[in-house]
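>>> One predicted model, sequence on top.
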Amino acid sequence: MSSTLGQQKSQPLSDSDLYIVRIWILQTAVGFLLYGVYATLSIIGLFLLMSKGLSVSSSANAKPRLALFTLTVLMLAFSTTSLVVYTLFFLFQLETAAYDPPEWDVIGLLKDLNVVGNFMDRMNYLISDGIVVWRAWIMFPHNTVARSVLAICMIGSFVGTFVDAGISSARFLRHFDDNGKKGDLLIIALPLIITNAVATGVIGWKAWSHYKNIKQNLNLSVSSISRVQKVLLLLVESGVIYCALWTTYTTISLIGSSGSVSFQVYSSAMPFMSALYPILIVLIAALENSRDDLDSKGNVRMSLSQSIRFASVAATPDASGRASGPDMMALESSSDPGSHRDTV
């Protein structure tokens, strides 16, 4: 009885402790919610890529599919590791708030967990940019200027990501809960925003050029054009939303404190939202070679990449006003089911 009375009883949590616990619960809930959506879409994308064949000998476009498959698996692995690491981080951090702190080096473990989670998130940001730039890259096979700009932007994202990862890791090793100065996020945010804005801009320009050229040169119906336009517009809209998310995140980090609820929740959600964006690109790429009827009477079928290639070739109208030359030959050869090429 006396030993029981001599023991220190648990005390109610202070208001500051309750505030921190509420933030942890909210961060964990948002993280698991977004991860569930992301993991589901990733599995669907992997299944679609596998169903089209990943063997190099299966088709001429198996290599890009294999690359997308590998990047999707890597992003899923990075996201899963990040979720597990930060969940462990929250659980172990609870022990530091106890009346009797643990005797083992929990602070050292928290530092290591933060460094690992930080690196996993940065890798997702970089792969996300790579997939988006690749999607814009293949739309300009002969445009050196566009490809050069995209390459420079990707190099900037690469440098900014690894510089930020190094600075953040050094900061976390000093103190596991050090989020740095307000402007530190700009090291990674600005290159990522610029890269995605440029990629989205060139895709939007291609969508507009495609709409004008294919309507003039191939004389397709409005309904058939709209099916291709929807895919391109989806790429543009998703890119604009992603840039807006990064801009909002950067603004919150600059005008708010690192301990605010909005910053903490946003910082937990951004890695998974960054992973969701390229998965949408992967799903579009995987579904792209499904043949859509562009002409119900002529039974002409065309994929997005084919349609863009056809629209980029100038047509020469003959005396009857019909398109002739390379455009018409490309369209006619494409109409033959035996001449259809798979797209990524």
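Right, received. Where do you want to start? Residues are numbered from 1 along each chain as shown.
>>> Tell me if I'm right that residue 39 and residue 77 touch.
No: Residue 39 is beyond contact range of residue 77, at 11.1 Å (criterion: Cβ atoms under 8 Å). Backbone N, C-alpha and C define where each C-beta goes, glycine included.
>>> Please say which of the two ends up with more neighbours.
residue 39 (17 against 13; other Cβ atoms under 10 Å).
>>> ok, now which ones touch the more buried one?
76, 79, 80 (Cβ atoms under 8 Å, 6 or more residues apart in numbering).
>>> Recalculate using a threshold of 7 Å.
residue 76 (Cβ atoms under 7 Å, 6 or more residues apart in numbering).
>>> can you tell me how far it sits from residue 53?
24 Å (Cβ to Cβ, to the nearest Å).
>>> go on, residue 145?
Applying Cβ to Cβ to residue 145 and residue 53 gives a distance of 34 Å.
>>> same question, residue 178
Distance from residue 178 to residue 53, by Cβ to Cβ: 48 Å.
>>> ditto for residue 182
For residue 182, the distance to residue 53 - Cβ to Cβ - is 49 Å.
>>> which residues of the stretch 101-250 of the chain fall in helices?
For the stretch 101-250 of the chain, applying DSSP state H, counting those that start in this stretch gives helices covering 106-137, 144-174, 186-217, 222-255.
>>> could you redo those as JSON lines and give each row mean neighbour count?
What follows is the helices of the stretch 101-250 of the chain, written out as JSON lines (neighbours: other Cβ atoms under 10 Å):
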{"stretch": "helix 106-137", "mean neighbour count": "21"}
{"stretch": "helix 144-174", "mean neighbour count": "16"}
{"stretch": "helix 186-217", "mean neighbour count": "19"}
{"stretch": "helix 222-255", "mean neighbour count": "17"}
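>>> Can I get these in CSV including distance to residue 92 and mean pLDDT?
What follows is the helices of the stretch 101-250 of the chain, written out as CSV (distance: least, Cβ to Cβ, whole Å; pLDDT from 0 to 100):
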stretch, distance to residue 92, mean pLDDT
helix 106-137, 6, 89
helix 144-174, 14, 91
helix 186-217, 26, 87
helix 222-255, 25, 80
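>>> so can I have CSV of those showing distance to residue 65?
As requested, these are exported to CSV (distance: least, Cβ to Cβ, whole Å):
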stretch, distance to residue 65
helix 106-137, 12
helix 144-174, 21
helix 186-217, 20
helix 222-255, 18
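>>> Out of those helices, which is closest to residue 25?
Relative to residue 25, the nearest member of these by Cβ to Cβ is helix 106-137, separated by 17.8 Å.
>>> Isn't residue 89 up against residue 110?
Yes: proximity of residue 89 to residue 110 meets the contact threshold set by Cβ atoms under 7 Å, at 6.2 Å.
>>> Which neighbours do these two have in common?
By Cβ under 7 Å, 6+ apart, no residue touches both residue 89 and residue 110.
>>> From residue 73, how far off is the residue nearest to residue 266 when sequence neighbours are not counted?
Distances taken as Cβ to Cβ, 6 or more residues apart in numbering put residue 249 closest to residue 266, at 5.2 Å, once the chain neighbours are dropped. Separation of residue 249 from residue 73 (Cβ to Cβ) stands at 26 Å.
>>> Residue 265 too?
28 Å.
>>> contacting residues for residue 22?
Residue 22 neighbours (Cβ under 7 Å, 6+ apart): none.
>>> element containing it?
helix 15-51 (DSSP states H and E).
>>> Just want the angle from the helix or strand following that helix to helix 15-51.
The element immediately downstream of helix 15-51 (helix or strand, assigned by DSSP H and E) is helix 62-96. Taking axes from the mean of the first three to the mean of the last three Cα atoms, to 10 degrees, one finds that helix 62-96 is oriented at 160 degrees with respect to helix 15-51.
>>> Buried residues in helix 62-96, which are they?
62, 65-69, 71-72, 75-76, 78-79, 81-83, 85-87, 89-90, 92-93 (16 or more other Cβ atoms under 10 Å).
>>> And the average pLDDT for that helix is what?
Mean per-residue pLDDT for helix 62-96: 87.
>>> just stretch 29-42 next, same as before
pLDDT averaged over stretch 29-42 gives 93.
>>> which residues touch the residue nearest to residue 162 when sequence neighbours are not counted?
Nearest residue to residue 162, sequence neighbours excluded (Cβ to Cβ, 6+ apart): residue 122, at 7.5 Å. Residues in contact with residue 122 (Cβ under 7 Å, 6+ apart) are 161, 164, 165.
>>> In a markdown table, list the residues you listed along with distance to residue 49.
Formatted as a markdown table, the contacts of residue 122 follow (distance: Cβ to Cβ, whole Å):
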| residue | distance to residue 49 |
| --- | --- |
| 161 | 25 |
| 164 | 30 |
| 165 | 28 |
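>>> And these, which is closest to residue 232?
residue 161 (27.6 Å).
>>> so who does the closest one touch?
122, 125, 126, 188.
>>> Could you identify the pair within those that is furthest apart?
126 and 188 (9.4 Å).
>>> Just give me the closest of the contacts of residue 122 to residue 214.
Taking the contacts of residue 122 together and measuring to residue 214 by Cβ to Cβ, the closest member is residue 161, at 37.1 Å.
>>> So for the helix holding residue 22, what gets flagged as buried?
20, 23-24, 27-28, 30-31, 34-35, 38-39, 41-42, 45-46, 48-49.
>>> Quick check: the gap between residue 246 and residue 190.
For residue 246 relative to residue 190 (Cβ to Cβ), the value is 9 Å.
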